[in-house]
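> Structural data only, the sequence is not supplied:
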């Protein structure tokens, strides 16, 4: 219920800001949203070059559009739990580098971010296999103690066991927190470099 309340509070705060916002602020918000939409289209493969998209926008509107693009791209750099998410992070980093003029420090931060995302995926898979193996051994030992089932060729799937699900949830949360902090620090560096102080 607290989540619903906080979301409602956010909606009300935004409505109040919009009600008291000047026309310039409203236009900047619309331009920022346009930038977010263009970045999403880029990540979906509908646009090839965000830099060209930005260059096609009126120069006075470019800062707000660029901000929206950068915000959307940064949101798509996340710890990959599925195969396609790592590709999106790579695409987002490539576009951020392009929007930053290809500066060396941006590429360096991007490489570190990709390293974090890659290490997370490897570490996650390794821990999952280890947990599966450990639960499977426990299941086999329990079956071996059961009369008549010890030599059985049952196909055991440890991922269906409640103990596996409970342990995996705990491990995944801890791992996500650990890698997530490092990821956010690097994203903050990118954000500061591309947008200045927040």
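Good, I have the coordinates. Just so we're clear, the structure is a prediction, and the values are computed from it rather than from any experiment.
> Now do the helices in the protein.
Defined through DSSP state H, the helices belonging to the chain, from first to last, are 2-20, 23-43, 50-55, 62-75, 83-99, 104-145, 162-195.
> who does the second one touch, helix- and strand-wise?
Right, helix 23-43. helix 50-55, helix 62-75, helix 83-99 (3 or more Cβ pairs under 8 Å, 6 or more residues apart in numbering; DSSP states H and E). C-betas here are computed from N, CA, C, even on glycine.
> Helix 62-75 and that helix, what's the angle between them?
Angular relation of helix 23-43 and helix 62-75 on a 0 to 180 degree scale: 50 degrees, by axes from the mean of the first three to the mean of the last three Cα atoms, to 10 degrees.
> What are the buried residues along helix 23-43?
Within helix 23-43, the residues that count as buried by 16 or more other Cβ atoms under 10 Å are 28-29, 31-32, 34-36, 38-40, 42-43.
> Over to the fourth one?
Going by neighbour count (16+ other Cβ under 10 Å), the buried part of helix 62-75 is 62-74.
> roughly how far is that helix from the heart of the chain?
The gap between the average C-alpha position of helix 62-75 and the chain average comes to 16 Å, counting by Cα atoms, centre = their mean, to the nearest Å.
> I'd like to know how many residues surround residue 135.
For residue 135, the number of neighbouring residues by other Cβ atoms under 10 Å comes to 21.
> Out of the helices and strands packed on helix 23-43, which gets nearest to residue 131?
Distances from residue 131 to each of the helices and strands packed on helix 23-43 were compared using Cβ to Cβ; the shortest belongs to helix 83-99, at 20.3 Å.
> contact partners of that closest one?
Under the criterion Cβ atoms under 8 Å, 6 or more residues apart in numbering, residues 39, 42-43, 49-51, 54, 66, 69-70, 73-74, 76-80, 103, 106-107, 110, 113-114, 117-118, 121, 190, 194 lie in contact with helix 83-99.
> same deal with stretch 53-64?
Contact partners of stretch 53-64, identified using Cβ under 8 Å, 6+ apart, comprise 27-29, 31-32, 34-35, 38, 42, 47, 65-66, 69, 99.
> measure that stretch end to end?
Stretch 53-64 stretches 13 Å from its first residue to its last (Cα to Cα, to the nearest Å).
> Distance from the chain centre to that stretch, please.
Once both centres are worked out by Cα atoms, centre = their mean, stretch 53-64 turns out to sit 26 Å from its chain's centre.
> excluding its backbone neighbours, what's nearest the residue nearest the centre of the chain?
Closest to where the C-alpha atoms of the chain average out (Cα atoms, centre = their mean) is residue 78, at 2.1 Å. Distances taken as Cβ to Cβ, 6 or more residues apart in numbering place residue 85 nearest to residue 78, at 6.2 Å, with adjacent residues excluded.
> Domain map for the protein?
Structurally, the chain divides into domains by automatic domain parsing as follows: 1-75, 104-198.
> wait, which of the buried residues of helix 62-75 is closest to residue 162?
Using Cβ to Cβ, the shortest approach to residue 162 within those belongs to residue 74, at 37.3 Å.
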